[in-house]
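Asks: Let's see this in three dimensions:
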Amino acid sequence: MAGNAVEKRTGTEVSYSNGVDPHEEPSAEWGWHGGFPKATQGAGWFTVFALLIMLIGNHENNTENLWLIGTAAAVAAGLVYDLKRRRTAWRRN
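Replies: Numbering: from 1, shown residues only. Reported below is the predicted structural model:
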């Protein structure tokens, strides 16, 4: 019968196929170790959209608009770079 306790695996049972060394990242010993690429992209594009929506309003000067556009462009550039890097990651192996 399965219990609720998390059992720590010994060094012989840990699979290093994902390239994560448990000495560097101790959470890898308990199983899944990764990120949320789709959620990260979604949150990033939502942030870009929110920054551009903030352009609508009463601003005293254009400095605020330049900061909003510049920050949105920087986040968008980072997201595009991340997409490009993830698509070509399999070629490096």
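
Asks: What segments of this structure are helices?
Replies: Taking DSSP state H, the helices of the chain run over residues 37-53, 63-87.

Asks: which secondary structure elements does the shortest one contact?
Replies: Counting contacts by 3 or more Cβ pairs under 8 Å, 6 or more residues apart in numbering; DSSP states H and E, helix 37-53 is packed against helix 63-87. Using the backbone N, CA and C atoms, a C-beta is placed for each residue, glycine as well.

Asks: buried ones in the helix it packs on?
Replies: By neighbour count with 16 or more other Cβ atoms under 10 Å, helix 63-87 contains the buried residues L68, A72, A76, L79.

Asks: among those residues, which two are most distant?
Replies: L68 and L79 (16.5 Å; Cβ to Cβ).

Asks: Return the residues in contact with E60.
Replies: Shown in contact with E60 (Cβ atoms under 8 Å, 6 or more residues apart in numbering): no residues.

Asks: swap in Q41?
Replies: For Q41, the contacting residues are L79, D82, L83, by Cβ under 8 Å, 6+ apart.

Asks: Please name the nearest non-neighbouring residue to the last one.
Replies: It stands for L83. Closest residue in space to L83, ignoring its immediate chain neighbours: Q41 at 7.1 Å, by Cβ to Cβ, 6 or more residues apart in numbering.

Asks: repeat for the first one
Replies: Once its chain neighbours are removed from consideration, L79 has its nearest residue in G44; the separation is 4.5 Å (Cβ to Cβ, 6+ apart).

Asks: Just give me the neighbour total for that neighbour.
Replies: Other residues within reach of G44, judged by other Cβ atoms under 10 Å, total 17.

Asks: Check the spacing between it and A50 real quick.
Replies: Applying Cβ to Cβ, to the nearest Å, the value for G44 to A50 is 11 Å.

Asks: Tell me where the model's unsure across the chain.
Replies: Counting by pLDDT under 70, the ranges of the chain that qualify are 1-34, 89-93.

Asks: What residue spans form the domains of it?
Replies: With domains defined by automatic domain parsing, the chain comprises 1-32, 35-92.

Asks: Adding distance to G35, write the contacts of Q41 out as JSON lines.
Replies: Output for the contacts of Q41, formatted as JSON lines (distance: Cβ to Cβ, whole Å):
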{"residue": "L79", "distance to G35": "14"}
{"residue": "D82", "distance to G35": "11"}
{"residue": "L83", "distance to G35": "14"}
